[in-house]
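Visitor: No sequence on hand, only this structure:
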């Protein structure tokens, strides 16, 4: 009996293509999955006024198997302001990676930091509220002492 390799491989190729598209666009099962770039950061100044900053560059990646990484670069020469009780950046740059878990009931994602530019973050769990609006993802700390949010937009190839 002759084996038609093309007929055998075509369904496998289609399945792989569908899985890749779901991961690239975020799947309904996990809408965080994919690569995101920073749009803006909102912080509160000492008087409580919200300041929107659009001059940062950054990338956030969530993989389907539960890994994450984040990198943010601040403008050169910007004085590093304390963003609350936790210091995330050094010399205008922040970076960390690790695993993550999602709690859909509370709309939180927890970053389990395995490595970070700021060594004090290593081994910490950093829960974040997440929300979606206009095709963008916004993360903000669950810590009431931290008054910031970061809005991300999905990368398009």
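Guide: Good, I have the coordinates. It should be emphasised that the depicted structure is a prediction, and the values quoted were computed from it without experimental measurement. Numbering: from 1, shown residues only.
Visitor: Grab the most central residue of this structure for me.
Guide: residue 60 (3.7 Å; Cα atoms, centre = their mean).
Visitor: would you say it is within a helix?
Guide: No. Per DSSP: H, G, I helix; E, B strand; the rest coil, residue 60 lies outside any helix segment and is strand.
Visitor: Relative to residue 148, how far out is it?
Guide: 14 Å (Cβ to Cβ, to the nearest Å). Heads up, the C-betas are built off the backbone N, CA and C, glycines and all.
Visitor: what about the helices in the chain?
Guide: Here the chain has its helices, by DSSP state H, at 5-25.
Visitor: For it, which residues score under the pLDDT cut-off?
Guide: For the chain, the stretches flagged by pLDDT under 70 are 1-28, 77-85, 157.
Visitor: what about 50?
Guide: Low-confidence segments of the chain (pLDDT under 50): 7-25.
Visitor: Strands of that one, residue ranges please.
Guide: In the chain, strands defined by DSSP state E lie at 34-44, 50-53, 57-62, 67-73, 93-103, 108-116, 125-133, 136-141, 148-154, listed in chain order.
Visitor: gap between stretch 36-51 and the chain center?
Guide: Stretch 36-51 sits 16 Å away from the centroid of its parent chain (Cα atoms, centre = their mean, to the nearest Å).
Visitor: Report the buried residues of it.
Guide: 36, 38-41, 43 (16 or more other Cβ atoms under 10 Å).
Visitor: for stretch 92-100, same thing?
Guide: With burial defined by 16+ other Cβ under 10 Å, the residues of stretch 92-100 counted as buried are 94-98, 100.
Visitor: Need the residues that contact that stretch.
Guide: 32, 62, 66-76, 78, 80, 88, 109-118, 121 (Cβ atoms under 8 Å, 6 or more residues apart in numbering).
Visitor: Quick check on these: which are buried?
Guide: By neighbour count, with 16+ other Cβ under 10 Å, these hold 32, 62, 68-74, 88, 109-113, 116, 118, 121 as buried.
Visitor: Could you tell me how far residue 75 is located from residue 107?
Guide: The gap separating residue 75 from residue 107 is 31 Å, by Cβ to Cβ.
Visitor: scratch that, residue 62 is what I was asking about
Guide: The gap separating residue 62 from residue 107 is 15 Å, by Cβ to Cβ.
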